[in-house]
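In: got a sequence here, can you build the structure:
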Amino acid sequence: MGSQPPASRVALEPLATVDPAALAGLPVSSPLTVRSAALSGHLLYLGTGGGKLLLFSLQDPSTPEFLRLLPIGATLPVSAIVPLPSVVRILVLADGLLLLADPLLSRPVRRLGSMRSVAAVAAHGVDPANPSSCSVAISVGKKLLRVDLTLHDADELDVQTREIASVEGVKALAWVDDSVFVATATGYSLYSSTTGQGVDIFSLPESSGHPRVKPLSGGDEVMLLVDNVGVVVDRFGQPVGSSLVFSTTPDCIAEVFPYVIVAGDSKVDVYRRRNAVHLQTIPVARTGQGILIVASDDDGIGTELVVIATTYKVFCYRKVSAVEQIKASLRRKNYKEAISLLEEFESDGEISKDMISFVHAQLGFLLFFDLRFEDAVNHFLLSETMQPSEVFPFIMREPNRWSDLVPRKQYWGLHPPPKPLEEVIDDGLVAVQQALFLKKAGVDTVVDEGFLSNPPSRADLLELAIRNIIRYLCASRMKNLSSPEMEGVDTLLMYLYRALHLVDDMEKLASSQNSCIVDELESLLDDSGHLRTLAFLYGSKGMCSKALSIWRLLARNYSTGLWKDLSENGFCGTLVGKRSGEEIAAIEAAKILKELSNEDLVLEHLGWVADIDQDLAIAVLTSETRENQLSPEKVVAAVDAEKVVIHQRYLQWLIEDQGCDDPHYHTSYALSLAKSAIEAIDMESKYRGKDNSEIDSHAQFIYLLRESLQLFLQASDLYDPEDVLDVIVESELWLEKAILYRKMGQENIVLQILALKLEDSEAAEQYCAEIGRDDAYIQLLGLYLDPQNGKEPMFTAAVRLLHNHGESLDPIQVLERLSPDMPLQLASDTILRMLRARVHHHCQGQIVHNLSRATNLDVRLTRLEERSRHVQLTDESICDSCRARLGTKLFAMYPDDSVVCYRCYRSQQGDSSSGRGRSLRKDVIFKQSWLVSR
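Out: Modelled structure (predicted):
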């Protein structure tokens, strides 16, 4: 065997070289010429031109062992060997004869039938339904025969032969499923092994080489050779996939999935079956005449061994595993080839999912130490078995809190152990410098050309490494990690954010749900001045007291350097330009306070939040998200008396939303609103002379404030009206006074305020209607006609009152109230209408009275007539209730003419149903004779 030139890929590796004659112990004077070879499991069969069969064991492929030599006839050169494991036989084609031998060649061969001049033979795959039988297609002369072999007890073999079709000039056969593929000098065709029907696939040109057919693993495809092109067809003869173009016309074809191996022209070529890519060439030095033979187990799947045979030598090869091929590429740092191999083997199913993840992790580490951090992390993310703790040593020097979490995985030893990023980068830059030196000396290196042409700086590499590790840790947070691993991921992620001064990311992580270890980050963030991040971290961990202390510190010192210019840090986007640092601190503190149920802590920090934004303080006090609400007594006592708005809004929420019914808080709320209204009215005079916009704004404020006060005074019955009245008694809040006097039952004062102070006639009349007494209208009329205090009589209001309600008033009382000074023309029409209405009401009453008397008389007469009705009974008359004959019994009759016996009448007393079950209360009866007609 010649030396193998270097190749970019090794699919088959040599194991052993065998001299069959020497291993069999034959003298040099009797050389063996190998004409055929076959593999079955770990057994290797060789057929010679001198009519001998040799058996070798490849249990250990590196040291083949000779087992047996079986002569079959000196004049019978062996041209084909077909193992038939299902019937425990070996089928041998020798000089046109078919011979059967046992697998261990322990017994002499015997002929299979009387067939001569056999041109080709092909075995059918094992039938799972009948594992102790097999079928063979044989070409004899012009006939295509099917031979069924069945193994019985005592190693007896039953042979059944039948003809499939007539075919002449057969060169090769292959049997797949029900189709027997036939190769002749003129072309390829297939025949059904059951019906014998045939169909041509395609013809061959006259100049075409020797036709060959090769069943491929999987049992559904066949390769048909046309010169140096292998056309792959399915069991129906239809082309599938891509054809394989060989460098030479093959003498022999074998398959070891996923490779197709062809021999010819003193070399063996290996091709990938899926995409027909040439992978490897194995040159073979031949001695003597004869073709180059390559053989593998016909199953093809799971086979690892390949045998290459020349006339006098046999070479054993083994398929290199997917893992070994990838490992070899990684050793050469040919990462592109390794990735390509990984994708190929993954598509072929030759590598497990765990191994795929393992390879991605191994690739990632190699790329990481080669300073290709982005590619490295991309492979880390593709690995499903890699643990985030494996990158911890790159971030924090060991030993540390998480040293025990780092798995001690046994990778392939292609990279050094993980170490801090700075050391990785320093070592990588040294390697780049060495590669530059070697390149100048004309020595090729495996260092990336990009690094050599444009060496990056250490700072750039460090930033790139940190950003990519951040990307990996962020993706790892989405995984289902253990609690210690999650703590390490989040804490180290905060370290990396701080290293790059990524303030936004630090604050986002700290303010969200996280597993950061506060002890590890507390001093680090404090020393570096990242107090906002520390406050967010305290808050997320429930350390509210510390978080609030930091926010208070930031709010009080926002202009002294603890706050940097937020616009420079890019914080909060457009919010930065609208809110100062102290406002933001107050907002963040308020978020924490809204959730707290600790009264002392809330009230401790409420003051400084209120100093910045009273609305935030109100939101804190009225928050309903906390588990236990704050004590109203403590809140009211803690709120600064000068912060009236907070006090009022809290009491309003307490009363309206929480349904508080404590009179003390109702009174306090009313008093606070009243005092605010008085102060606002007093301030109104200060706005005189100002521009219209200020006046309108203040007027709107007073209106809203008084509206709130009036609504509350009307709605609540729990405050003390006298206390509130004491506050506003000297003010101009007349409507509020009217509401309070009304609560106290002072009707006269209320009417005086409404009629005389407010001059609201409609409200005064409405109040009289609510009182519901006619004397209230008379009292109001008196106020209109005699307002006193030097005020002119309100004749128009008085006339309006009489016009609206005069008909219901006593005319005598009205006339008594009329003033002598009242113009007659104003009152005459109203008084006249009152008198006419009075007469009309009197007449109407008399009519109604007389009609009622007539109706009553008519009803009494009708009742008398009903009671004096005569009823005639016969012997057939029965009770409408119990259905018994009445005979001479006492009976009763209802208005619906139903008749019942006296016993049923007594039992139904108190019930409003008649004897027929009719409800006399719901289903009222009317008779024409009952209508009033007299």
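In: from here on, just use CA atoms for contacts and neighbour counts.
Out: Will do.
In: quick one: the helices in the stretch 751-900 of the chain, in order.
Out: All helices of the stretch 751-900 of the chain, identified by DSSP state H, counting those that start in this stretch, fall at 761-771, 774-785, 795-805, 811-817, 824-867.
In: mean confidence for the second one?
Out: pLDDT averaged over helix 774-785 equals 76, rounded to a whole number.
In: okay, that helix in PDB with CA atoms only?
Out: Provided in PDB are the C-alpha atoms of helix 774-785 (Å, rounded to 0.1, in the frame of the first residue of the first chain):
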ATOM      1  CA  ASP A 774     -98.100  75.100  53.700                       C
ATOM      2  CA  ASP A 775     -97.100  77.300  56.500                       C
ATOM      3  CA  ALA A 776     -93.500  77.200  55.100                       C
ATOM      4  CA  TYR A 777     -94.800  79.000  52.000                       C
ATOM      5  CA  ILE A 778     -96.700  81.500  54.100                       C
ATOM      6  CA  GLN A 779     -93.500  82.100  56.100                       C
ATOM      7  CA  LEU A 780     -91.500  82.600  52.900                       C
ATOM      8  CA  LEU A 781     -94.200  85.000  51.600                       C
ATOM      9  CA  GLY A 782     -93.900  87.000  54.800                       C
ATOM     10  CA  LEU A 783     -90.100  87.300  54.300                       C
ATOM     11  CA  TYR A 784     -90.600  88.500  50.800                       C
ATOM     12  CA  LEU A 785     -93.200  91.200  51.800                       C
END
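In: adding distance to A590, write the helices of the stretch 751-900 of the chain out as JSON lines.
Out: Formatted as JSON lines, the helices of the stretch 751-900 of the chain follow (distance: least, CA to CA, whole Å):
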{"stretch": "helix 761-771", "distance to A590": "46"}
{"stretch": "helix 774-785", "distance to A590": "55"}
{"stretch": "helix 795-805", "distance to A590": "57"}
{"stretch": "helix 811-817", "distance to A590": "66"}
{"stretch": "helix 824-867", "distance to A590": "67"}
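In: ok, of these, where does mean pLDDT dip lowest?
Out: Lowest mean pLDDT within these: helix 811-817, at a mean of 67.
In: now the helices of the stretch 751-900 of the chain in a markdown table, with mean neighbour count and distance to A638?
Out: Listed next are these as a markdown table, based on neighbours: other CA atoms under 10 Å; distance: least, CA to CA, whole Å:
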| stretch | mean neighbour count | distance to A638 |
| --- | --- | --- |
| helix 761-771 | 16 | 42 |
| helix 774-785 | 21 | 48 |
| helix 795-805 | 18 | 52 |
| helix 811-817 | 13 | 58 |
| helix 824-867 | 13 | 63 |
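In: surely G49 and P31 touch.
Out: No - assessed by CA atoms under 8 Å, G49 is found out of contact with P31, at 10.2 Å.
In: specify the beta-bridge partners of L149.
Out: Assessed by DSSP bridges, L149 has beta-bridge partners C134, V159.
In: tell me how far it lies from D155.
Out: The spacing between L149 and D155, counted by CA to CA, to the nearest Å, is 12 Å.
In: out of these two, which sits in the more crowded spot?
Out: L149 (19 against 10; other CA atoms under 10 Å).
In: please look at the more buried one and S133 and confirm they touch.
Out: Yes - counting by CA under 8 Å, L149 touches S133, with 5.6 Å between them.
In: what do these two both touch?
Out: V87 (CA atoms under 8 Å, 6 or more residues apart in numbering).
In: all helices for the stretch 501-650 of the chain, in order.
Out: Under DSSP H, counting those that start in this stretch, the stretch 501-650 of the chain gives helices at 503-511, 518-528, 531-540, 544-556, 566-569, 581-595, 599-612, 614-621, 632-638, 644-652.
In: OK, contacts around D490?
Out: Remark: with contacts taken as CA under 8 Å, 6+ apart, D490 is in contact with L473, R477, N514, S515, C516.
In: I'd like to know how far V377 sits from E13.
Out: Separation of V377 from E13 (CA to CA): 34 Å.
In: which one of those two has more residues nearby?
Out: Counted by other CA under 10 Å, V377 and E13 do not tie: V377 has more neighbours, with 25 against 14.
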